[in-house]
Each structure stands twice: as structure tokens, then as C-alpha cells.
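1. next come a sequence and a model predicted from it.
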Amino acid sequence: MAKRVRVVRMSVEQPLWRALTAYRILTMLYAILLAVFGREKYDRPWVAIAFLAVMTVWTLATLPKVAGAAACTKRFLGADLTLALVGILVTPLADFQAQHVDGPTLPSIWTAGSVLAFAIKGGWRWAAFASTFVAVANLIERAEPSRDTLHNVLLVWVASIAIGYVVEVARASERTLARALEIEAATRERERLARDIHDSVLQVLAMVQRRGTAIGGEAAELGRMAGEQEVALRTLVSSGLVPPTRVSEDAADGAVVRTVETDDDETPAPAATDLRALLAPHAGSRVTFAEPGAPVLLTPEAAGELAAAVSAALDNVRVHAGESAQAWILVEDWPDEVIVTVRDDGPGIPEGRLAQAEGEGRLGVALSIRGRLRDLGGTAELISVPGQGTEVELKVPKVSRGKAGSVR
């Protein structure tokens, strides 16, 4: 069964909106049950019945409004809070003793749902605004506020502000994460382009410079110009100059966007590639190729990237170890990973030379080898002893962290 990639918008706010929806329904039922079991206390039961009927219809009709931040408009929040305040203030009309005896108001704890909607939508400032109105309404409804009344009012005020603050922190964290993911994606794309440039344009310019200098005459001048262009291009690549990355609309809204692999019967699965077929052309008088007897199957992308890393390692052998250096390629197919080792008998790499080369913009090892393996979820280890040659060990997991490394 084939896989295709789709984009999923992730947000920590969505669970909060779903919880608010459930809270409004449950507290609506709770308020109705309180009224049913305490119906004897109402002096004007029709007032309670009328309000609870309106509250029930409103709650059920506005469920889509609390499904997400986009649907929860300021107009809805204002109407919802107004209904809650009306329910608190008309409680004494239904129960004459409500102002003197501690007891639930008609909307009861359903009122907190209105305040929570403000908190999730706008943060702690909106929550403080809404809870202040609720507090004032409760104090007015209780002509003689008791300690329990003051306690409940303060609890709703503090809790709503705390929830609003948590929502603001979560949004800021999401925006930071979304920005980091976009920067990472841009960095990976820049590294991929740098690898392509290094493996093609820079290698050709370096070859023209060497051959032109060896031939002499007008060719030497062409070699000199090619060398200047190589240096300029290496400087441009190593400086990381890319167009600025614009944060996507989803990221600006505080959402994390990720890709998810899903089954798609209509999309054919990529054919497996035998890594041996890609590495075999390197074999020759100066390169010995040792391979397993069975095919080493990887996805086309993983096999291609691994083969390109091997090619970059062999290019380094030819450039730095000399045309007479001998190289060996060993392919090992393990249950969990594929290991390719490239070894030469050249003079080795002096200590600190790799860091110096990277500083000069010569990114063959950093990008063409390590960068490729990192994108596949693998590793590249380079061991070199002066006078004893260099060994590059490339490891690619069968199930990689970023991209599928094998075809099963």
C-alpha cells in the first residue's frame, strides 16, 4: 500500500475548545437538574423555566461557535456573557429568598463557560474583563454577600485569568516552534542546494583550474578565472545566503504544521533500488568494490543520496590523496542498517584540516557527505591517521528518522 503525505494543522488550543464544548453541555444539564430537584423553592417557576429554555436552546445552537477560535467571534462572546449575566440577575425574580440565602443561581456553573470562552479566545486580559462582570453580577444578585459568595467569585476570577495566561503562553510556544520548524526546513533546503552545487559546478570549476594550470598558456588563464569563480561561489554557498523565509499563515496563527504519511491505494509504491547497482560503476583499477551476494534494497531517494555521499568521498580521495591512491568500497547489509565504508591508502588528513576547509567554504565533507546522511537519519564517521590513509563509514538505518530508508 502506497504512502502519500498530507499536511495537518496542529494546535494545543483545539483540545481546550473541545473541553469547553463538553463543559457547556454538561453544565447546562446540571443547571436543569438543579432547577428540577429544587422546583419547590421557586416563587415564580415560570421565570426559571423560561430562562433555562432559552439557555438550553442557545447552548445547543451555538455549539459550532465554540469549536474553534475562528468561529468564536466577539459578537458571540458578548451575547453569551450577556445571557449568563441575565441569568444571574433574574434569579431573585424566580426565588425571592435568593438574595438572603446562599444557593445556586439559575445558570449555576454554566456561567463559567462564558468566561472560559473569553480566556481561550483572547487570553488573560479578556478573561479578567469577563470574570469582572460576572463577579459584579453575583454581588448584585446577593444583596447580602456571604463568605462563600466572595470565595466563589474570587475563585472564578483567578482561575479564568490563570487559564487565559496559560493559553497565551501556549500560543507563544507554538509560534516559536512553528518558526523553528520553518527555519529548519529552509536550512535543509539550502544545504541540499549547496550539495548539488558542490557536486556539480564547484567540482567542474576545480577540475578546469587544475587542468588549465597543467596545460599552461591561454588554458592557464582560463584555469585562473575558473579558480576565482570557484572561490566566489564557495564563499556564497558557505555564507548561507537564501531568500528570507516567510512564516506561513498557519504558523502566524500559532499552529504547528506537520506532515503525516497516509495510505493511498491510487499512488504506486516506489520501486526498490539495489544500492550495489549504483556503486558498482565506481569499481576500477584504483577502486576495489566489495558487495554482499544479495541485493541491498533501499528506496530510490535513500539509495541515491547514499551513492552520492560515496561519490563525494571518492572525489576527496582523487583530489587529496592523488590519482595513484588506492580506494576500497565495502557494502554491508545488516538487519537494521546499511553500512558503506570508503577507505584509501593516501597520506591521511592532518588534524584540524576539516575545520579549516569548512571555514574556507570547502564543504565537501560537511554537506556532500555528512549532510546527506543526516537527512536520511544516518551518520558519517571519518577516521584519518596521517600517513595511514582515511576511512569514511556511512550508516543509513533501514527505518530512518526522517525518510524511509528501506523498502520492505
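-> Cool, got the structure.
2. quick one: the closest residue to residue 273 other than its chain neighbours from residue 338, how far?
-> Take residue 273 and drop its neighbours on the chain: the residue closest to it by CB to CB, 6 or more residues apart in numbering is residue 303, 4.0 Å away. Bear in mind the C-beta positions are built from the backbone N, C-alpha and C, glycine included. Taking CB to CB, to the nearest Å as the measure, residue 303 falls 9 Å from residue 338.
3. joint contacts of the two?
-> residue 275 (CB atoms under 8 Å, 6 or more residues apart in numbering).
4. tell me how far the residue nearest to residue 273 lies from residue 275.
-> 5 Å.
5. same check on residue 298?
-> In this structure, residue 298 and residue 275 are separated by 6 Å, where distance is defined by CB to CB.
6. what sits in contact with each of these two?
-> 306, 338.
7. which SS state does the residue sitting furthest away from the middle of the chain fall under?
-> The outermost residue of the chain relative to its centre, with distances by CA atoms, centre = their mean, is residue 43 at 58.5 Å. Under the three-state scheme (DSSP: H, G, I helix; E, B strand; the rest coil), residue 43 adopts coil.
8. show the pLDDT at it.
-> pLDDT for residue 43: 87.
9. residue contacts, it?
-> The contact partners of residue 43, by CB under 8 Å, 6+ apart, come to 94-96.
10. for residue 117, give me its contacts.
-> Residue 117 is in contact with 20, 66, 72, 77, 80, counting by CB under 8 Å, 6+ apart.
11. do you know how far the nearest residue to residue 188 once chain neighbours are set aside is from residue 161?
-> Counting by CB to CB, 6+ apart, the nearest residue to residue 188 once its immediate chain neighbours are dropped is residue 375, at 6.4 Å. Using CB to CB, residue 375 is found at 45 Å from residue 161.
12. helix, strand or coil for the closest residue to residue 112 other than its chain neighbours?
-> With CB to CB, 6+ apart as the measure, residue 156 is the residue that lies nearest to residue 112, at 5.8 Å, once sequence neighbours are left out. With three-state DSSP as the basis, the three-state label of residue 156 is helix.
13. got a pLDDT number for residue 378?
-> Predicted confidence (pLDDT) for residue 378: 89.
14. could you tell me how many residues sit around it?
-> Residue 378 sits with 25 neighbouring residues when counted by other CB atoms under 10 Å.
15. same thing with residue 215?
-> 12.
16. any idea how far it is from residue 221?
-> If you go by CB to CB, the gap between residue 215 and residue 221 works out to 11 Å.
17. show me what contacts residue 324?
-> Neighbouring residues of residue 324 by CB under 8 Å, 6+ apart: residue 286.
18. which secondary structure state is assigned to it?
-> Following three-state DSSP, the label given to residue 324 is coil.
19. quick check: pLDDT value at it.
-> Model confidence at residue 324, expressed as pLDDT, equals 79.
20. do the same with the one 5 residues further on
-> Each residue has a pLDDT score; the one for residue 329 is 93.
21. what of residue 230?
-> Confidence per residue is given as pLDDT, and for residue 230 that number is 59.
22. residues in contact with the host helix or strand of residue 60: which ones?
-> Secondary-structure element containing residue 60, defined by DSSP states H and E: helix 45-61. Residues lying outside helix 45-61 but in contact with it, judged by CB under 8 Å, 6+ apart, are 24-25, 28, 31-32, 35, 39, 42, 80, 83, 86-87, 90, 93-95, 106-107, 110.
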